[in-house]
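Asker: From the sequence below, what's the structure:
(one chain, ligands or ions: 1)
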Amino acid sequence: MRLDVVSIFPDYLAPLDLSLIGKARREGLVDLHVHDLRDFTHDRHRTVDDTPYGGGAGMVMRPEPWGEALDHVVAAGAAAVGGGVPHLVVPGPGGRPFTQELARELAQQPWLAFACGRYEGIDERVYDEAREHMPVSVLSLGDYVLNGGEVAVLAMVEAIARLIPGVIGNAESLVEESHEDGLLEYPVYTKPPVWRGRGIPEVLLSGHHGQIARWRRDERLRRTAQRRPDMLAALDPAALDERDRAV
Ligand SMILES: OB(O)c1ccc2cc[nH]c2c1
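Answerer: Coordinates of the predicted model:
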């Protein structure tokens, strides 16, 4: 997968050189290109913002640099990907919720581009122009506001890239994760068997795989009911068996 990110703070994306995502880049599973929006300005001060029409507090990101930046992303990426256009993802508090289901869908795409807004946001005409050339999704991490899109892009890129085959060494790790199948994950334990006087559930020492599986399923249902009753309510009843209903 090719990923392009445009930001006025390209160093914010440095963590994508680390850990599994960095390894995926070195192994060629992810081809990440970060672009500095200011490279697409032409004034001495490399200006990317201006005052809002209609007045109001703060500044708005100018359309010209964004237009040139996205033109560059499309031209450079198409040469590398062999044609086509990216799916443009723009993080924003006013976007659709970014969910595990969306992460799965986006992980199927060959090429994603991320536009990191700052200030009061990006001139709306940039979205209108982009929509004439590529799919555009404005996505939110949640009902809270960051100072810009970079942190959201870090989270989205990690959530998406880890689903690319080969990025997570053991694909089994992706099963029974929170949100993967509509439930939260079960509690996990490791050695020592007793820590500060606290033991672990006996069933996990039993070696009885059927009982362990049942215990884990029960814990997932119980934890989801306690922490996210909305998720439990949204579950397809066909996904629950009689034992589940007894929890
Ligand atoms: O909360 B967010 O995901 C987000 C994204 C982009 C911008 C631009 C200015 N504030 C922002 C907040």
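Asker: List the residues that contact the residue lying farthest from the centre of the chain.
Answerer: What lies farthest from the middle of the chain is residue 197; by Cα atoms, centre = their mean that is 38.5 Å. By Cβ atoms under 8 Å, 6 or more residues apart in numbering, the contact list for residue 197 is empty. All C-beta spots, glycine's among them, are computed from the backbone N, C-alpha and C.
Asker: Can you tell me how far it is from the ligand?
Answerer: Using Cβ to the nearest ligand atom, to the nearest Å, one gets 42 Å for the distance from residue 197 to the ligand.
Asker: Just the CA trace of the least confident helix or strand in the chain by mean pLDDT, in CSV.
Answerer: Ranked by mean pLDDT, DSSP states H and E, the weakest helix or strand in the chain is helix 242-246, scoring a mean of 83. This file holds the C-alpha atoms of helix 242-246, laid out as CSV (Å, rounded to 0.1, in the frame of the first residue of the first chain):
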residue,chain,number,x,y,z
GLU,A,242,-27.5,-20.1,24.0
ARG,A,243,-24.4,-20.1,26.2
ASP,A,244,-23.8,-16.4,25.2
ARG,A,245,-27.3,-15.5,26.1
ALA,A,246,-26.8,-17.0,29.6
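Asker: Give me every residue in contact with the longest strand anywhere in the chain, excluding its own residues.
Answerer: If you go by DSSP state E, the chain has its longest strand at strand 87-97. Applying Cβ under 8 Å, 6+ apart, the contact partners of strand 87-97 are 70, 98, 102, 106, 109, 111-117, 121-122, 127, 130, 134-146, 149, 152-153, 156.
Asker: what do you get for stretch 21-36?
Answerer: 1-8, 10, 13, 16-17, 69, 72-73, 76-77, 80, 157-158, 161-162, 164, 166-167.
Asker: Can you tell me the closest non-neighbouring residue to the residue most central in space within the chain?
Answerer: With the centre of the chain defined as its mean C-alpha position, the nearest residue by Cα atoms, centre = their mean is residue 156, 1.6 Å away. Spatial nearest neighbour of residue 156, chain neighbours left out: residue 98 (6.0 Å); criterion: Cβ to Cβ, 6 or more residues apart in numbering.
Asker: what sits against that neighbour?
Answerer: Counting by Cβ under 8 Å, 6+ apart, residue 98 has contacts 91, 139-141, 152, 155-156, 159.
Asker: do you know how far residue 107 is from the ligand?
Answerer: As judged by Cβ to the nearest ligand atom, residue 107 and the ligand stand 20 Å apart.
Asker: so does stretch 139-155 get close to the ligand?
Answerer: Yes. Counting by Cβ under 6 Å from any ligand atom, the ligand has neighbours in stretch 139-155: 140-141, 145-149, 152.
Asker: Scan the residues you listed and report the most crowded one.
Answerer: residue 149 (28 neighbours; other Cβ atoms under 10 Å).
Asker: How is this protein divided into domains?
Answerer: Annotated domains of the chain cover 2-161, 176-246 [automatic domain parsing].
Asker: okay, these, which one's buried deepest?
Answerer: For these, the largest average neighbour count (mean count of other Cβ atoms under 10 Å) is found in domain 2-161, namely a mean of 17.
Asker: Residues of the protein that sit close to the ligand?
Answerer: Taking Cβ under 6 Å from any ligand atom as the contact definition, the chain meets the ligand at 91-93, 117-118, 121, 140-141, 145-149, 152.
Asker: how about 8 Å then?
Answerer: 90-93, 95, 116-122, 140-141, 144-149, 151-152 (Cβ under 8 Å from any ligand atom).
Asker: So which of the residues you listed belong to strands?
Answerer: Counting by DSSP E, the residues of the chain next to the ligand place 90-93, 95, 140 in strands.
Asker: all strands of the protein, in order?
Answerer: According to DSSP E, the chain carries its strands in the segments 2-7, 31-36, 49-50, 60-61, 87-97, 111-115, 136-140.
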